[in-house]
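Asker: Need coordinates for the following:
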Amino acid sequence: MVTPVELYHSAPYPVRAAAASARGAYLRAWRYGPGTDASVEAALVRDRWPEARWNAAVARRLAAVLGRAARDVPFYRDEGLPAGQAGDLWSWPVLAKPSVRAAPRRFVADDRDPRWMFADHTSGSSGTPLTVYETRATVRAWYALVEARLRRWYGVSRRDRWAILGGQLVVRPDTTSPPYWVWNAGLRQLYLSSYHLAPSTAVDYARALEAHGCTYLLGYPSAMAELARAVLDAGYRPAPLRVCIGNAEPLLDHQRELIGEVFDCRVRDTYGMSELTVAASECEAGRMHLWPEVGHLEVLAYDADEPVAPGETGRLVCTSLLNADMPLVRYDTGDSGSLAPRDEGCPCGRLLPMLASLEGRVDDLVVLADGRRIGRLDPVFKSDLPIVEAQIVQEALDRFRLVVVPATGFGPDTEAMLVRRLRDRVGPVQVVLQTTCAIPRGANGKFKAVVSEVATPLVEPET
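Answerer: Below is the predicted model:
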């Protein structure tokens, strides 16, 4: 029997574009409604709420979510929290991702029917699927925040024509000629396949952006950087964009500079997850501001469920505030980072709390013999080096492999500089440098800049 996916891939381009547009119209109806513009303006006003007002609002919402979870959600009700402790967040155990993955419907409140909710199937950072259920109200509340803090901050809107460079197979895997994309009129979106991006196809991608009148690009930073590098090497000058927005991966400094140079625009970073427990976006001053309406964030120690001091790095553990119909309480995101002190202002004038750092996945931090854990090693690959992309692989406490895709001009001096920069950060370790034509992506199309083969996760492993 022919599957819908096979039918889609076998159809001519106009039919595929019509199918994508129909899907886009369906998503638009879920995401936006008559109250969207008012919700966007309200979110922009909240950007400048003082700390005391945010604390009070979050405390009220947190109390309501915890009460609902203890009373109405099967998973938590079966946990049997002692009477009177449900309202105390510290009484709740930290929730590991496999528990949600194994039985997502047990996290849905009794008075909600998953059959009538939006089911968001996410691969997560590991490429392992997880399903999150959301009501239309939750979906619209989320996309109002996206509109305010991911688009409006950057001078664009959902009414602009835009492009996404992502991991959906919008064309057949064996496609060898354009189009490597599909136009989704329902969302005014050009979906570009990251799987077909190569030096020989990059100019086709750049021309597609121009032909469809796209004003901004959102996508994996590694894919956007690969596109920018290939276009630059081909000697093609693409039309400027208003902004390029990174998501789903860390945006490294050398990627930011390259993307901004080629597309003659600002490059901004974002952080978030489909589980709707945390989100943040980068302002014009380069600071990552949290979206407090989405979730309550704790930073816990690696070796205990205890908070660390502001500015110290630890595990990011979050409690849903936006999605009270599938609340995830003290959900271990698997990510690592630190909070900025609340009295630390931002030149942009917004008063939202800030992340001081995002270090990456807990299980992909390099672990050194002295016990240190380090995640953001991207300064090793500063943009002044002739490399296309690179990856750091820790094979033992004292042994690292640098995997590099070289660009023109790469040679012994560059190799020596890379090794020296890595040792400056991790100490006198053995470093093996390996050149390659491409660094493999994960099952979800994402790129890992740092991979540790020796670090043992201190949270429940994903299976």
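Asker: three-state assignment of residue 38?
Answerer: Judged by DSSP: H, G, I helix; E, B strand; the rest coil, the three-state class of residue 38 is helix.
Asker: Residue 402 versus that one, what's the distance?
Answerer: 51 Å (CB to CB, to the nearest Å). Placement of C-beta: from N, CA and C, glycine included.
Asker: Then residue 19?
Answerer: Counting by CB to CB, the gap from residue 19 to residue 402 is 43 Å.
Asker: Give me the more crowded residue out of those two.
Answerer: residue 402 (21 against 16; other CB atoms under 10 Å).
Asker: tell me the strands in the stretch 301-450 of the chain, going along the chain?
Answerer: Per DSSP state E, counting those that start in this stretch, the stretch 301-450 of the chain carries strands over the ranges 314-320, 331-339, 354-361, 366-367, 373-374, 387-396, 399-406, 430-435, 450-452.
Asker: looking at these, which is buried most?
Answerer: Ranked by mean neighbour count, the strands of the stretch 301-450 of the chain are led by strand 314-320 with a mean of 25 (mean count of other CB atoms under 10 Å).
Asker: Just list what that one packs against, helices and strands only.
Answerer: helix 51-72, strand 295-300, strand 331-339 (3 or more CB pairs under 8 Å, 6 or more residues apart in numbering; DSSP states H and E).
Asker: and that strand, which strands flank it?
Answerer: Here strand 314-320 has these sheet partners by DSSP bridges: strand 295-300 (antiparallel), strand 331-339 (antiparallel).
Asker: And stretch 274-294, how far out from the chain middle?
Answerer: Relative to its chain's centre, stretch 274-294 lies at 10 Å (CA atoms, centre = their mean, to the nearest Å).
Asker: just stretch 210-226 next, same as before
Answerer: On CA atoms, centre = their mean, the centre of stretch 210-226 falls 16 Å from the chain's centre.
Asker: for stretch 72-91, same thing?
Answerer: Using CA atoms, centre = their mean, the offset of stretch 72-91 from its chain centre is 30 Å.
Asker: ok, now stretch 187-205?
Answerer: So, by CA atoms, centre = their mean, the centroid of stretch 187-205 is 20 Å from its chain's centroid.
Asker: Offset the numbering so it begins at 538, please.
Answerer: Happy to do that; since the first residue is 538 now, the last one works out to stretch 724-742.
Asker: Now that stretch: average pLDDT?
Answerer: Stretch 724-742 shows an average pLDDT of 91 in the prediction.
Asker: least trustworthy helix or strand in the protein by mean pLDDT?
Answerer: Taking mean pLDDT, DSSP states H and E as the measure, the chain has strand 910-911 as its least confident helix or strand, at a mean of 68.
Asker: coming back round to it: pick out the shakiest of the strands of the stretch 838-987 of the chain, pLDDT-wise.
Answerer: The bottom spot among those, by mean pLDDT, belongs to strand 910-911, with a mean of 68.
Asker: picking that back up, dump the helices and strands packed on strand 851-857 into CSV; add distance to residue 542 as well.
Answerer: Conversion of the helices and strands packed on strand 851-857 to CSV gives the following (distance: least, CB to CB, whole Å):
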stretch, distance to residue 542
helix 588-609, 36
strand 832-837, 33
strand 868-876, 29
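Asker: what comes up buried for the host helix or strand of residue 795?
Answerer: Secondary structure assigned from DSSP states H and E places residue 795 in helix 790-800. Applying a neighbour-count criterion of 16 or more other CB atoms under 10 Å, one finds 791-797, 799-800 buried in helix 790-800.
Asker: Check stretch 597-605 too.
Answerer: In stretch 597-605, counting by 16+ other CB under 10 Å, buried: 598-599, 602-603, 605.
Asker: which one of those residues sits closest to residue 731?
Answerer: residue 602 (35.5 Å; CB to CB).
Asker: Need the pLDDT of the closest one.
Answerer: For residue 602, the pLDDT comes out at 95.
Asker: Which stretches in this structure count as helices?
Answerer: With DSSP state H as the criterion, the chain has helices at 541-547, 550-568, 573-583, 588-609, 611-616, 634-639, 673-683, 739-748, 758-770, 790-800, 949-963.
Asker: could you give the mean pLDDT of the third one?
Answerer: Model confidence over helix 573-583, given as mean pLDDT, is 98.
Asker: Run the chain-centre distance for it.
Answerer: 23 Å.
Asker: hey, C-alpha coordinates of that helix in PDB?
Answerer: This file holds the C-alpha atoms of helix 573-583, laid out as PDB (Å, rounded to 0.1, in the frame of the first residue of the first chain):
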ATOM      1  CA  THR A 573      -3.200  37.200  18.500                       C
ATOM      2  CA  ASP A 574      -2.200  40.800  17.800                       C
ATOM      3  CA  ALA A 575      -3.400  41.900  21.300                       C
ATOM      4  CA  SER A 576      -1.500  39.000  22.900                       C
ATOM      5  CA  VAL A 577       1.700  40.100  21.000                       C
ATOM      6  CA  GLU A 578       1.400  43.700  22.200                       C
ATOM      7  CA  ALA A 579       0.800  42.500  25.800                       C
ATOM      8  CA  ALA A 580       3.900  40.300  25.700                       C
ATOM      9  CA  LEU A 581       6.000  43.300  24.500                       C
ATOM     10  CA  VAL A 582       4.600  45.300  27.400                       C
ATOM     11  CA  ARG A 583       5.600  42.500  29.800                       C
END
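Asker: Which neighbouring elements make contact with that helix?
Answerer: With contacts taken as 3+ CB pairs under 8 Å, 6+ apart, helix 573-583 sits against helix 673-683.
Asker: Just the C-alpha atoms of the helix it packs on, please, in PDB.
Answerer: The C-alpha trace of helix 673-683 is given here as PDB (Å, rounded to 0.1, in the frame of the first residue of the first chain):
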ATOM      1  CA  ARG A 673      -5.500  25.500  20.900                       C
ATOM      2  CA  ALA A 674      -5.200  28.200  23.700                       C
ATOM      3  CA  THR A 675      -1.700  27.000  24.600                       C
ATOM      4  CA  VAL A 676      -0.600  26.800  21.000                       C
ATOM      5  CA  ARG A 677      -1.800  30.400  20.400                       C
ATOM      6  CA  ALA A 678      -0.300  31.700  23.600                       C
ATOM      7  CA  TRP A 679       3.100  30.200  22.500                       C
ATOM      8  CA  TYR A 680       3.000  31.600  19.000                       C
ATOM      9  CA  ALA A 681       2.100  35.000  20.300                       C
ATOM     10  CA  LEU A 682       5.300  34.900  22.300                       C
ATOM     11  CA  VAL A 683       7.200  33.700  19.200                       C
END
